[in-house]
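K.L.:
I would like to see how this sequence folds:
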Amino acid sequence: MKKITLIIICFMSIIICWTFSSATAAYEVSRGEVVMEVSSGRLLYSHNESLTMPMASTTKIITAITIIEKCDLQSVIEVGSETTGIEGSSVYLKAGDRFTVEDLLYGLMLRSGNDCAETLAVFCSGSISAFCNEMQNTATRCGATDSRFANPHGLPCKGHYTTALDLCKITCYALKNSKFSEIVATKRHTATELSSGTKIIWQNKNKLLNFFDGADGVKTGYTKEAGRCFVGSATRGGMRVVSVVLNSPQMFERSEELLDNAFTDFNLVKIIDKSRFDYVAFTPDRKNAYKLNVENDFYYPLGINEKFEIECNIPETLPYTAKIGDKAGEIKIYLKKQLIFSQNIYTLVND
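P.N.:
Sure thing, here's the model as predicted:
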């Protein structure tokens, strides 16, 4: 069947300049850094993005999303003695304490409780090592191929590392989960120890939530080996951006700078609007016409004078046997000659 290909070339006219370099940074550049837009996964900036490094308590991002995906959050956990008294940051769980999985997730992500991490891991998988295998499976689903996990909290351990890029991919994946997003955006949570009914207030250690416009996540981290690590997220104008800084002397300040630059230099653009997709195809005798449609809108972050091409492959005619819902063509979006998105075009209504 002969098809018509329409190529539409579009420009983004934004008078800006996207420059991220050590020479222009107001704050010290971290050993590894990445900035990414969440919905598209577009990498907006990177520095040493593939360098493997320890990541301290930012490990708990993958711990949390693994628990959320595998466990009933209203299940009640009775804390065992083997997961209490864990070194480092803690919410001071005691053997016999009873909490819901959800409350312990808040303790994990707001207070960075290492005891919460081990308690959740053992509850989920029966042992720390088995849970680490689940973390690895989660990383694979995220496309994080250069990370390895030896514990659920990020305390120094041989064979426990990530890259700034991997950690950003994991975070973007996690933020698409509404419960994860809700937890990491929370400034203060009241948990209940169920045996006694005691209420416990946990404040979020993420200072970005208090002073950065649009901040909505995600996790701090520090060990002597890893240095100061931070994953931050913020949303403005419908665009959600994640920054990762590993071994960063000024982790909050540098993260704020990276996020500000992203919002200054990129806009989230609606490239495909399914409600305005207005094409019609006829049968060969032109007696019957079918409206054509696409199923999804498509948004993408675009910067200074970026040129994208829309290639719309639509049929010149449809066969007499065409039915509503049949695939009729394909629409493709290119940026810098690289395919960034495609979807099918379907017959919708027989006019």
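K.L.:
bridging residues for Ser46?
P.N.:
Legend: beta-bridge partners of Ser46 under DSSP bridges are Val34.
K.L.:
so how far is Ile170 from it?
P.N.:
From Ser46 over to Ile170 the distance is 15 Å, taken as C-beta to C-beta, to the nearest Å. For every residue, glycine as well, the C-beta is placed using N, CA and C.
K.L.:
out of these two, which sits in the busier spot?
P.N.:
Set side by side, Ser46 and Ile170 show more neighbours around Ile170, with 29 against 18, by other C-beta atoms under 10 Å.
K.L.:
and the protein, split by domain according to the record?
P.N.:
If you go by automatic domain parsing, the domain ranges for the chain are 3-13+270-350, 32-265.
K.L.:
where among the ones you listed is average confidence lowest?
P.N.:
For those, mean pLDDT drops lowest on domain 3-13+270-350, to a mean of 86.
K.L.:
distance from it to the middle of the chain?
P.N.:
The chain centre lies 28 Å from the centre of domain 3-13+270-350; the measure is C-alpha atoms, centre = their mean, to the nearest Å.
K.L.:
okay, how far is it across stretch 67-82, tip to tip?
P.N.:
By C-alpha to C-alpha, to the nearest Å, the extent of stretch 67-82 from end to end equals 19 Å.
K.L.:
most tightly packed of the domains of the chain?
P.N.:
Comparing those by mean neighbour count (mean count of other C-beta atoms under 10 Å), domain 32-265 ranks first with a mean of 20.
K.L.:
what is the end-to-end distance of that one?
P.N.:
In terms of C-alpha to C-alpha, the two terminal residues of domain 32-265 are separated by 21 Å.
K.L.:
starting at the chain centroid, how far to that domain?
P.N.:
From the chain centre to the centre of domain 32-265 is a distance of 12 Å (C-alpha atoms, centre = their mean).
K.L.:
adding distance to Ala26, write the domains of the chain out as a markdown table.
P.N.:
Shown next, in a markdown table, are the domains of the chain (distance: least, C-beta to C-beta, whole Å):
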| stretch | distance to Ala26 |
| --- | --- |
| domain 3-13+270-350 | 20 |
| domain 32-265 | 6 |
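K.L.:
which one of those lies nearest to Ala25?
P.N.:
Between Ala25 and those, the shortest separation by C-beta to C-beta is 6.7 Å, and it involves domain 32-265.
K.L.:
quick check: phi and psi at the spatially closest residue to Asn344 that is not a sequence neighbour.
P.N.:
The spatially closest residue to Asn344, leaving aside those adjacent along the chain, is Lys327, at 5.0 Å (C-beta to C-beta, 6 or more residues apart in numbering). Main-chain torsions, Lys327, degrees, to the nearest 10: phi -70, psi 130.
K.L.:
can you name the residues bridging to Lys327?
P.N.:
Beta-bridge partners for Lys327, by DSSP bridges, are Tyr346.
K.L.:
correct me, but it touches Ile345?
P.N.:
Yes. Using C-beta atoms under 8 Å, Lys327 is in contact with Ile345, at 7.2 Å.
K.L.:
check the offset of stretch 249-269 from the chain's centre.
P.N.:
The answer for stretch 249-269 is 16 Å, by C-alpha atoms, centre = their mean.
K.L.:
would you list every one of the helices in the stretch 51-200 of the chain?
P.N.:
60-70, 101-110, 114-125, 128-142, 164-175, 178-184 (DSSP state H, counting those that start in this stretch).
K.L.:
contacts only, for Ala150.
P.N.:
By C-beta atoms under 8 Å, 6 or more residues apart in numbering, the contact list for Ala150 reads Cys132, Cys157, Lys158, Gly159, His160.
K.L.:
which non-adjacent residue is nearest the second one?
P.N.:
By the measure of C-beta to C-beta, 6+ apart, the closest residue to Cys157 outside its immediate chain neighbours is Ala150, 4.3 Å from it.
K.L.:
surely Thr192 is in contact with Thr198?
P.N.:
Yes. With contacts counted by C-beta under 8 Å, Thr192 reaches Thr198, the gap being 7.2 Å.
K.L.:
what bridges to Lys199?
P.N.:
Per DSSP bridges, the residues bridged to Lys199 are Thr192.
K.L.:
measure it to Lys179 for me?
P.N.:
Distance, Lys199 to Lys179, using C-beta to C-beta: 21 Å.
K.L.:
repeat for Thr220
P.N.:
To Lys179, Thr220 is 20 Å away according to C-beta to C-beta.
K.L.:
which ones are touching the closest residue to Asp326 other than its chain neighbours?
P.N.:
In space, not counting the residues next to it along the chain, Asp326 is nearest to Thr347; the distance is 4.9 Å by C-beta to C-beta, 6+ apart. Thr347 sits next to Ala281, Tyr290, Lys291, Leu292, Leu318, Ala322, Lys323, Ile324, Gly325, Asp326, Ala328 when contact means C-beta under 8 Å, 6+ apart.
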